[in-house]
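Below is the sequence, then the predicted model.
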Amino acid sequence: MKLIGYVLFILGSLLILDAMLAIILGERYILWGLDYTPNWYRSIILKISRKSPIFLAGIKGGEAILGLLLCWVATKL
């Protein structure tokens, strides 16, 4: 695997880990650390966190799928 493959694999793994933590820990993980972020980012995350649970599950699942795809692409390089 080339350097780009390693980078993509690490990025994919981090996306999968982030999605799993968001699924397991829920809203407290999503809102954790927002005090240290810019106001514009905080407002976006707060708006997203108020959406329906089905919408949030779709975002978390999409993030996990994207991570899996990145890991798969990394193994093909």
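Sure, I can see it.

From now on I want contacts and neighbour counts done on CA atoms only, so please keep to that.
Fine.

what's the nearest residue to residue 30 if we skip its chain neighbours?
Nearest non-adjacent residue to residue 30, counting by Cα to Cα, 6 or more residues apart in numbering: residue 22, 6.3 Å away.

ok, now residue 17?
Spatial nearest neighbour of residue 17, excluding adjacent residues (Cα to Cα, 6+ apart): residue 64 at 8.0 Å.

Let me see the confidence value for that neighbour.
Residue 64 carries a pLDDT score of 97 in this model.

That one and residue 14 touch, don't they?
No. Checked against Cα atoms under 8 Å, the pair residue 64 and residue 14 is beyond contact range at 9.4 Å.

Was I right to think the residue nearest to residue 30 contacts residue 16?
No. Residue 22 is beyond contact range of residue 16, at 9.9 Å (criterion: Cα under 8 Å).

which of these two has more neighbours?
With neighbours defined as other Cα atoms under 10 Å, residue 22 and residue 16 compare such that residue 16 has more, 23 against 19.

pLDDT at that one, what is it?
Note on residue 16: pLDDT of 97.

Ok, residue 77 next?
So residue 77 comes in at 87 (pLDDT).

number of nearby residues for residue 9?
Neighbourhood size, residue 9 [other Cα under 10 Å]: 22.
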